[in-house]
Each structure stands twice: as structure tokens, then as C-alpha cells.
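Student: build me a model from this:
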Amino acid sequence: MSRNRILCSVSRVRKMLRSFWSSLSLSLSHTHTHTPSKRSMESLELVHLLLLHHHPRISLSAATLPYNNSRFLRQPGLPSLLKTATKYAKLRSFSGDTKGGGAAASQDGPFAFEDDAPHHTEERALVLAREIDDFGYLVGFRLIPDSELMRVVQYAGTVSEEDSSGDEVEKLGIENMEREEAETRVCYNIVFVTSEAAPYSKTGGLADVCGSLPIALAVRGHRVMVISPRYVHGPSEDDKFSGVVDLDCCIKLCCFGVEQEVGFFHEYREGVDWVFVDHPSFHRPGNPYGDKYGCFGDNQFRFTLLCHAACEAPLVLPFGGFTYGENCLFLVNDWHASLVPVLLAAKYRPHGVYKDARSILVIHNIAHQGVEPAITYSNLGLPPEWRGALEWVFPTWARTHALDTGEAVNFLKGAIVTADRIVTVSKGYSWEITTSEGGYGLHELLSSRKSILNGITNGIDVTEWDPSSDKHIACNYSVDDLSGKVKCKISLQKELGLPVRPDCPLIGFIGRLDYQKGIDLIRMAIPDLMQDDVQFVMLGSGNPIYEDWMRATESAYKDKFRGWVGFNVPISHKITAGCDILLMPSTFEPCGLNQLYAMRYGTIPVVHETGGLRDTVQNFNPYAEEGNAEGTGWTFSPLTKEGMLAALRYATQTYNQYKSSWEGLMKRGMKRDYTWVNAATQYEQIIEWAFTDPPYC
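Tutor: Model prediction:
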């Protein structure tokens, strides 16, 4: 462990001991006459073990605490840590040890910190324990005496010179410090506001993020609430809300010229409060945004209600007897929730409410901004002086006619200018939205706030998407046993009516049938691609023109092409597992999840080099030396038919002729970390930064 890390740790221990000294129920100077009860002793927990290398800046008094409970020995990771530590740390008695200038006591209490103590050649260990009373409250911190430490060390065993190295001790010390920091980090009240959250409602990646990230943050100790509409589409589709209960709490909101009454439903699941706003406008057939005839005409009204209700929920809904209160963090997702930061600044803070709250805008797709006519501003329940926050003027070329002034209100723009921080769902996308090509008119505004703009790549639900336990696929397999992969391929070919050919490269596509997903490029390339010895399967719904094209192409290439119009969860799993290659020629992709699913299932992605696809798929290098192979798929740029066909043919050639390279691609993709843990850690850092600065508005 480096000297600087050790000195920082010593400083932290010093501060910790000083701050808790006044709260100790019993002075450590008299603990040798006190033996705690068995029950309280069982609540002692290991707090920290610190190796002091040549800089023992802490000198302790003669006070010791008898410790005779085996629970201490069962602390997670303690035996292995002490086992390695015995070789590198000489655990000497601290009692009355003033060698080298140490003092027995000082004004700090029984703990004397000698900054000027001479350097020692021995290494020492300091173990603190935290005592909790019968009601779960902290009593104080206690030192575990050396005699007890030696007994623990004897229990854990010793290691020989050959079994350990200095690097191991350094690694263990750093891991222990990081574990301590994780245990002592600040926990926040976090409120997600979203138009959809899996499994309750879903049309795309937004639902996946808002269904998984809250759980990951709750696991890390935060109090988390997710607020979303309670959609009622019909009896067959409403089973997802079967576990929710009516809170019998109705509130009135002022917007659109009259008072609107909304109710709340609730379900506590996996450590998260799932709250659903109930209003008749959310009760209709279709999806959250529209039906077969197009988008709903009152979407601005519906999501304005959602934002107003989301601001009231932390104040009025007591979960476990306590509301979330004003000091919370609103994590608002896309334009549907973008009115929340504006409401905090314009409606609440002027009256002293939410003065310490913060908001973070998460942009999942900047192409959708919630733009409506300027006259609708008066309906939003905002003071007139805040019109500029949402005011938006279309450029001349985008106006409908010569007399059109282009004036509008833009929900997403309002959040960009009022939120405390802005996050996108990948690092690549955070840069793209600041360019004229990717910013959809908001690039200059986002560039002006670039200092608080960050990108965090999404994770995936690794329990749902796991080839070793997936119930939807024909045969389970893993990175250690890939034999089930070809069985899934054969099963998929049989189910779709394709010729059963395990040796033929099978290419898949899963996604919405619209321009963003590159369907036009696939349409242009299919005649050329069908000349190769490949099979192609597509799953998706969307633009009726593309749906009709899929049906016509299936008729034209009966032995090579299949198109499944619609979306089916089991079929999406079967395609992901059964295909050899997943094609994603998206014109832009904020993050993308299908390529992550594919790599986890050993299916090689071929993607356009954009947004999150660039961040998550590493281009294969066929010339890497043996043992240094790299790459998890193929990327292509620019977005052209020729570029896409070239990447696909590189992939099929590798599949046909270089089996060992192909297997390496599969295994590297399957071994990657796809969990939400990494993303949740990064979100915690953004939240900490948000509370470090004063509210932006």
C-alpha cells in the first residue's frame, strides 16, 4: 500500500475517533472493568483493519476491552485478510507501548496522535469495532486488544513466504479501504420520474433503465421511489399492476385552467417504492404514447399531470411512516418528466419548499423533446415570468408556412436550462448531442452546459438475460460450455421454418421498424446480402411500410429470410440466443441494449459506429498476436450500404473459416461485465456532485 494512501487513512481514522469520542457510552479508559452483555457483544462489527507501514502515527493508552465472542471471527473476508496480514504485520501489544515517543494519553482522550513520532521499522495493525445496542443504534467504537487479535490470527491461520506477495497485501488493503468508504457513503432520497418502467409498462430502453437502475441504487443503501403513470389498457394487459394497492390519497393539481384530481397506487418491491399516478387520461387502449392511429393528442396534458404529481408525492406520501421530504434528488427521464426541474425552480423554491432538493436530467433520446404550440404555456401551471425557460423558436426552414412564427414550448429545453446536472445513457452520446448533427437544435444550449454533462452506459438485467438459466431458449449454455448455442440455432430455424443448417451464418435484427434503426439501409442491402450463403431473421413493429416490406421480402426469399411483425419477448430471447450475428445499423443510438444482450449470449454484434454502440462494441482485430486477441464484434462507419455489407462479410468469413477466432469473439463478449453495479456507482458520483453545488436555479 502506498505511503500516501496510508497517511490519508490515518487522518480519516483520527477524525473518526475524535468525532465519536464524545458519543461513547463508556470511557475506554475504564473498559477493562466492564464486560458487555452477550447480546451487545454480538452486535460488535469489524469497522477497519489498517496496516501502518513505517508510519505508526497513532499511539494508544493502556485501556483494553475484553472480547470473548466468536462472532468477530465470522466477519466476511476477515480470515483471509488476517491470514495474509500475519506475514506482513507484526501485531504488537499497544497497551502502554510508547516506544519511539508514543504517549499514553492526551487532550484527545485515551487516544494520543503523535504527528512527530519517529519512524518505526515495524508494521502495526489497528482494529476498531462498532457496538450497536439492542435497538440498532450506534453506541460507539471500541478497540480490539492485541491479545484478542492474536487469537483471531491463530484462528485464521498463517501463510508462508511462498504463499503471498507484497502486491497481495496492497490489493487487500485497498479493497478494505474501498469497502469502508462504501459503507460510510452518504445515502440519498432518490425520486425517479418516468413515463414507463419495466415490468409495469414498456416500449423500449427507457423502461429497462427505470426498472433496473432504481433497484441497483436501493441495494446500495439509498431510499428510492419511482413515479410513473398507472396505465389501464385493458384486462389482458393490466395484470402487471396486480400487486399495486390504492393509497387512498387524492390530491388536486392546478394546471390546464382547472383543478385536476389524481390518485396514487403503490407497490414495495425489491427495496423500491413503485408509485403510480392515477388519472382517467391514462386509461385507454394502446401504448403509453399512442395507438394504431398515432400519438395521443393530449400527451402534453397527461405528462404535465405526471410532473406535478411527482413533485407532490415526496411531500404527501408516507411510506413506512415517513415521507421522502424536501431534501431529495429528482432523477427525471426524457421530455415526459422534464417539467419537474422547472416546477422546482418556479413553483416551489420561491416559497421555501425544495430549497435543498436537486434534479438530474437523463436524456435517453434527444430526438423527442415534447414540443407544443407556444399558446399552451399558460396551461402548464407556471408563472408567466418563467416562459423563457421553455420558449422555443423553430428555424425558418422548419416552419410550416410563411406566416408561421415558429414559436413553441419545449419541455426538454426547460429541463436543460434548470436541471442541476445532465446525464446521457452513454459517453459517446453525451458528445454527439453537443454537435449540430446529433443535438436536434439543442446542441448550442447543451454545449453551454457541457461542464455538468456526463455519459453513463446502461447496464442490463443479468438475471433475465442469462443464457445459463434462460427459460425461453431451447438449451442453456455458458462461456465454459458453448455446446448449447448450436442447439438454440437449430431450434430457431425449425420454429421459423428455415432450412436447418447449423453451418450457415444466421443474422438477426431486433428493434423498432423506423428510420432511427437503419431499416432503410437493410432494405437496400437485402438483395445483395441474399446472394451470399446466409440466413436472415427480423423481429419488430412500427412503420406500416416497413412491416409490409418484411412480409414481401419473406415471400421473395423463402429459404433465407423471415420477418416477424410485432414484438414477442420469448422470440426475442430465442433470436438473441440462436443467431450467430446481430445487426444494428442505427442512424443514431443513445446507448443500445440489444448489442449487450447479444454479447452476453455469444452472438456477435455488427453495428454502426455511433453513440453507445461505439462505446460498447470493440472492433475485432484479426492481426492481433496469439494470446492478445481483442474485439467483441465489428463496427462500420460511415453509415452506407457498402460499409454495412463489408462488415457483415468480414463477420461471415470469420465464422466460416476461422472457428478459433470466432470462439474467442464469443467468449470475450460473454465475459464482459453487464451489471448495473458499475452504472449505479457512477450515478452516485453524479448525485454527490449535484449536492456539492448549490441549486442551479
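
Student: which strands or helices does the helix or strand His573 falls within pack on?
Tutor: Using DSSP states H and E, His573 maps to helix 569-578. With contacts defined as 3 or more C-beta pairs under 8 Å, 6 or more residues apart in numbering; DSSP states H and E, the packing partners of helix 569-578 are helix 483-496, strand 506-510, strand 535-540, helix 594-600. For every residue, glycine as well, the C-beta is placed using N, CA and C.

Student: how about it as PDB, C-alpha atoms only?
Tutor: Listed in PDB are the C-alpha atoms of helix 569-578, where the atom choice follows Å, rounded to 0.1, in the frame of the first residue of the first chain:
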ATOM      1  CA  VAL A 569     -40.400 -11.400 -25.500                       C
ATOM      2  CA  PRO A 570     -39.800 -15.200 -25.800                       C
ATOM      3  CA  ILE A 571     -39.000 -14.900 -29.500                       C
ATOM      4  CA  SER A 572     -36.500 -12.000 -28.900                       C
ATOM      5  CA  HIS A 573     -34.700 -14.300 -26.500                       C
ATOM      6  CA  LYS A 574     -34.700 -17.100 -29.000                       C
ATOM      7  CA  ILE A 575     -33.300 -14.900 -31.800                       C
ATOM      8  CA  THR A 576     -30.600 -13.500 -29.500                       C
ATOM      9  CA  ALA A 577     -29.500 -17.000 -28.500                       C
ATOM     10  CA  GLY A 578     -30.000 -18.700 -31.800                       C
END
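
Student: what mean pLDDT does whatever helix or strand comes next after it have?
Tutor: On the C-terminal side of helix 569-578, the closest following helix or strand by DSSP H and E is strand 581-584. Throughout strand 581-584, pLDDT has a mean value of 98.

Student: for the helix holding His573, buried residues please.
Tutor: Buried positions in helix 569-578, judged by neighbour count with 16 or more other C-beta atoms under 10 Å: 571-578.

Student: for Glu630, which of the helices and strands packed on helix 569-578 is the nearest?
Tutor: Ranking the helices and strands packed on helix 569-578 by proximity to Glu630 (C-beta to C-beta) places helix 594-600 first, at 14.0 Å.

Student: which residues does that closest one contact?
Tutor: 458, 460, 462, 465-467, 510-511, 576, 579, 582, 584, 604-605, 607, 613, 616-617, 632-633, 669-670, 672, 674 (C-beta atoms under 8 Å, 6 or more residues apart in numbering).

Student: could you pick out the buried ones from those?
Tutor: 458, 460, 465, 467, 510-511, 576, 579, 582, 584, 604-605, 607, 613, 616-617, 632-633, 669-670, 674.

Student: can you tell me which of the residues you listed end up in helices?
Tutor: Mapping the buried ones among the contacts of helix 594-600 onto helices (DSSP state H) picks out 576, 613, 616, 669-670.

Student: how about these in TSV, adding pLDDT and distance to Leu403?
Tutor: Output for those, formatted as TSV (pLDDT from 0 to 100; distance: C-beta to C-beta, whole Å):
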residue	pLDDT	distance to Leu403
Thr576	97	51
Leu613	95	42
Thr616	94	47
Gly669	95	55
Met670	95	59
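
Student: max pairwise distance over those: which two?
Tutor: Of all pairs drawn from those, the greatest distance, 18.3 Å, lies between Leu613 and Met670 (C-beta to C-beta).

Student: one step back: between the helices and strands packed on helix 569-578, which gets nearest to Asp420?
Tutor: Between the helices and strands packed on helix 569-578, helix 594-600 lies closest to Asp420; by C-beta to C-beta that is 28.8 Å.

Student: low-scoring stretches of the chain, by residue?
Tutor: By pLDDT under 70, the weakly predicted segments of the chain are 1-185, 235-238, 625-628.

Student: so where's the longest strand in it?
Tutor: When every strand of the chain is counted residue by residue (DSSP state E), the longest turns out to be strand 258-269.

Student: what does that strand contact?
Tutor: Contacts for strand 258-269 (C-beta under 8 Å, 6+ apart): 230, 241, 243-254, 273-279, 305, 308-309, 313, 317, 319.

Student: what's opposite the nearest residue to Leu648 once chain neighbours are set aside in the beta bridge?
Tutor: Here the nearest residue to Leu648 in space, its sequence neighbours aside, is Val606; by C-beta to C-beta, 6 or more residues apart in numbering that works out to 5.7 Å. For Val606, the beta-bridge assignment (DSSP bridges) gives partners Leu583, Trp634.

Student: residues in contact with Gly602?
Tutor: Applying C-beta under 8 Å, 6+ apart, the residues contacting Gly602 are 467, 477, 479, 482, 485, 666-667, 669-670.

Student: greatest separation within those: which pair is it?
Tutor: Taking C-beta to C-beta as the measure, the contacts of Gly602 have their most distant pair in Tyr477 and Gly669, spaced 13.4 Å apart.

Student: which one of the ones in helices among the buried ones among the contacts of helix 594-600 is nearest Met524?
Tutor: Once C-beta to C-beta is applied, the member of these that ends up nearest Met524 is Leu613, at 19.8 Å.

Student: quick check: that closest one touching Trp634?
Tutor: No: at 11.0 Å, Leu613 and Trp634 do not qualify as touching, with contact defined as C-beta atoms under 8 Å.

Student: name the residues contacting each of these two.
Tutor: 605, 607.

Student: where along the stretch 551-697 of the chain do the strands fall?
Tutor: Applying DSSP state E, counting those that start in this stretch to the stretch 551-697 of the chain gives strands spanning 561-565, 581-584, 604-608, 634-636.

Student: reformat these as a markdown table; add distance to Trp689.
Tutor: Formatted as a markdown table, the entries for these read as follows, by distance: least, C-beta to C-beta, whole Å:
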| stretch | distance to Trp689 |
| --- | --- |
| strand 561-565 | 44 |
| strand 581-584 | 32 |
| strand 604-608 | 31 |
| strand 634-636 | 32 |
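
Student: and Pro285, which of these is closest to it?
Tutor: The stretch from these with the least distance to Pro285 (C-beta to C-beta) is strand 561-565; that distance is 19.1 Å.
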